[in-house]
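Novice: structure here, sequence nowhere to be found:
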């Protein structure tokens, strides 16, 4: 028992080191970073955070990211719910092929779609909008959401559906009032993964935006200036990108701790 | 083969207020080769008791003895107990034969001997035809047999504990599996302890039934005793269908006062004075002649024909009495007044919920 | 368990089809279109048939990138899957410790990928980084931008740091779904710790583990941002994986035709490998599930 928790403690300690180092640097000035090597800031400063939170070109990046990530998560989960239900409950023409085909979209490298997306969105005037990024991220998030939700739904006995239909529930009412509460945990876990994969993606988000919807991840690439790297601001911005993720994990932790086993893969 | 003595209590938290006890102090003996049932509603402590016997839980106070040997701190494996759970527990990746052989392999028994043992047990459980199939693909009933078989396969098993083993079994197979259990009990003469909340299962399976309620064992006895002389009002209410009728009563030197009527008690049954509860089973509540001694008048509220008998509900002073009448008598009409024989050889009296006469 | 046939189920799948059609089929058609044409200028295009495919297949640099990619992806799986399972096994089952461990372990997953690159860039620099200066203090030569092996190992270490939590999280969720009765039965049967793992835990988390392996394989095969930020694909081509190479071609050199042909081949390779992996894992596990 003791030996096992030792592994966990050592792992967490090591995995926290890079993050700790970034937090440490975010409270230093550039001069201090380059001149001395200390495990705690000598001259503790909030200046880097002040720079970010008062400069709209910085903080609007956060808002943009949060907007498209939210849109994407909502669309992904909403579209995936009925589809996952269909896959978990019915046999229909081509269902297995369709499922595999959906998964292949999860396998498409974003780099492959970079150019076509650029052209497509330019043509229909979606470039540099939050919707563009949200739609592009559907490629990998919708299949994942279907996959996860299908696993959860297959764990619910089909008798529940049948009983509800016999009791005269219509499909939409059954789905929203009976079925959805049963797979709450699945929805939470699916939303968590959609949020995560959309929040961390850079390539598509950067390519499809320029000014109005520019995400924070892209804003960060501009800290290279003539004067060299602005390490301190970069570190502070990095710390701020970690925070929403930490909050989201906090919310889904019970769903994961309660456990789930995926039937079909 | 073993006799099991319990003298213990179990509490999950160290404060030990009565409410924290999962099992209140109790003393009990399961004799060698007996078939016992632990019967009670959910949360009454029966699974806790079972897990203490098998060694999955260590009681916070007291001891567990198997054949006089103190095994309170022995591991489940050392106690040699077989346990079957509510849901079949099988090792998915193994075949039926591998499942059955697993406990023996863990004890490093020679392969030839294992094969022989597995063969015998499979024969007894009628699993021989499935030995080479994967356990995961079988029906719940067969999987439950495998769980049982894994317990029985050890040659020196002390007792078999079953925790509501028929919960997930198809209703028409339940009966067969129960009969199989009974048959195995007779053949192997092992101590069987069977946990259930279903009185029919308990009554048909066990020789002795331990009725549990609110984390204590309220009565231990054969089905007949539990039916005739429930030691606690809970037993009267829980066993039987419908349960025992209860009426508040007040006893004095002259007799018992029930619903404003003074009734004479039977001469050879001494009833202590004071506030009491009178209990009589619906099966023994018979129609009586007008003004008969020991009878009370009640108004019929409902008559239900159940084929083999009639179930009569009657109101008496705000209480409902149920009586089971033979179906060949002319049924009284709803609203009619009938006389019911509440004092008879089968009437029980309770003080503070405990049987006093 | 036979699911009823219901063709109307297609209606339920429709929203997903529309979403994916818009963000996947249309772009894919554009890629196919490019891959068979030579785009000299937006107005002048020449149909070239399979020429680009042929030239891409002969591309030595691509072969090298593919080989690096496969070695990298397999190394990722070899380290992250066992480590993730070990972590999941060592995490507490409930209480505040479980919550704290979950959040702490999962944190790297929710860091944007270029920030991951940045964190490691900062962490590994020998002048201002903790790891870099620690290695230097030990008297070892270390440079993730200068030495090919060290660069490769640094990228691998970064990926392990970044993605082992995903495996751990999924395995942990799978472990928590095992009913207590299994562990109790194992104790009664006298099973050793190892046997419990081999015969109860591993088979029960097989489903989530399969998802973990496939996701890690797909994603590591598409890795782009983190090494791009950390090493830029160098030194030389030591950490240039397929996505980098593709992006260099498409964006850097603007060779649209070859890039499109490359994209399609890339896509097919991933699909093929996933298909093989998927089938292999299916056979490795039990075919004993009643509905298979």
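Specialist: That came in fine, so what should we check first? Quick caveat: nothing in here was measured; it's all calculated off a predicted structure.
Novice: touching, residue B:75 and residue C:187? I think so.
Specialist: Yes - shown here, residue B:75 and residue C:187 form a contact pair, counting by Cβ atoms under 8 Å, at 7.0 Å. For glycine as for every other residue, the C-beta is placed from the backbone atoms N, C-alpha and C.
Novice: in space, not sequence, find me the middle residue of the chain.
Specialist: In the absence of a named chain, chain A is used. Taking Cα atoms, centre = their mean, the centroid of chain A lies closest to residue A:196, which sits 1.8 Å from it.
Novice: right idea, wrong chain: chain C
Specialist: In chain C, the centroid-proximal residue (Cα atoms, centre = their mean) is residue C:219; its distance is 2.4 Å.
Novice: Provide a list of residues in contact with the closest residue to residue A:164 other than its chain neighbours.
Specialist: Nearest non-adjacent residue to residue A:164, counting by Cβ to Cβ, 6 or more residues apart in numbering or on different chains: residue A:174, 4.4 Å away. Contact analysis of residue A:174 by Cβ atoms under 8 Å, 6 or more residues apart in numbering or on different chains lists A:161, A:164, A:165.
Novice: with residue A:139 instead?
Specialist: A:105, A:108, A:110, A:113, C:20, C:23, C:24.
Novice: try it again with 6 Å
Specialist: A:105, C:23, C:24 (Cβ atoms under 6 Å, 6 or more residues apart in numbering or on different chains).
Novice: which secondary structure element contains it?
Specialist: In the assignment (DSSP states H and E), residue A:139 maps to helix A:130-154.
Novice: now the next helix-or-strand element following that helix: average pLDDT?
Specialist: Once the chain leaves helix A:130-154, the next helix or strand it forms, by DSSP H and E, is helix A:158-166. Across helix A:158-166, the average pLDDT comes to 85.
Novice: who's in contact with helix A:158-166?
Specialist: A:174, A:178.
Novice: make it 7 Å
Specialist: With contact meaning Cβ atoms under 7 Å, 6 or more residues apart in numbering or on different chains, helix A:158-166 is reached by A:89, A:174, A:178.
Novice: how much distance is there from that helix to the middle of the chain?
Specialist: In terms of Cα atoms, centre = their mean, to the nearest Å, the centre of helix A:158-166 is set 34 Å apart from its chain centre.
Novice: find the nearest non-adjacent residue to residue A:193, please.
Specialist: Excluding the flanking residues, the one nearest residue A:193 by Cβ to Cβ, 6+ apart is residue A:144, at 5.7 Å.
Novice: circling back to that earlier point, the residue nearest to the centre of chain A - that's part of a helix, no?
Specialist: Yes - according to DSSP: H, G, I helix; E, B strand; the rest coil, residue A:196 belongs to a helix.
Novice: that one contacts residue C:111, correct?
Specialist: No - the pair formed by residue A:196 and residue C:111 falls short of the contact definition of Cβ atoms under 7 Å, at 9.9 Å.
Novice: OK, contacts around the residue nearest to the centre of chain A?
Specialist: Counting by Cβ under 7 Å, 6+ apart, residue A:196 makes contact with C:109, C:110.
Novice: can you check residue C:15 too?
Specialist: Applying Cβ under 7 Å, 6+ apart to residue C:15 gives the contacts A:79, A:82, A:83.
Novice: can you tell me the centre-most residue of chain B?
Specialist: So for chain B, Cα atoms, centre = their mean, it's residue B:39, sitting 2.8 Å from the centre.
Novice: quick one, what contacts that one?
Specialist: With contact set as Cβ under 7 Å, 6+ apart, residue B:39 has these partners: B:196, B:197, B:199, B:202, B:209, B:210, B:211, B:212.
Novice: go with 8 Å
Specialist: Per Cβ under 8 Å, 6+ apart, neighbours of residue B:39: B:46, B:196, B:197, B:199, B:202, B:209, B:210, B:211, B:212, B:238, B:239.
Novice: what is the neighbour count of the residue in the stretch 151-292 of chain C that chain A sits nearest to?
Specialist: In the stretch 151-292 of chain C, the residue found nearest to chain A is residue C:176; the distance is 2.7 Å by Cβ to the nearest Cβ. By other Cβ atoms under 10 Å in any protein chain shown, the residues close to residue C:176 number 19.
Novice: how close does the nearest residue to it once chain neighbours are set aside sit to residue C:96?
Specialist: The shortest distance from residue C:176 to any non-neighbouring residue, by Cβ to Cβ, 6+ apart, is to residue A:259 (2.7 Å). Distance of residue A:259 to residue C:96, given as Cβ to Cβ, to the nearest Å: 18 Å.
Novice: one more: residue B:350?
Specialist: Counting by Cβ to Cβ - residue B:350 and residue C:96 are separated by 48 Å.
Novice: contact partners for residue B:11?
Specialist: Listed by Cβ under 8 Å, 6+ apart, the contact partners of residue B:11 are B:20, B:21, B:22, B:60, B:61.
Novice: out of those, which is nearest to chain C?
Specialist: Chain C lies nearest to residue B:22 out of the contacts of residue B:11, by Cβ to the nearest Cβ, at 15.3 Å.
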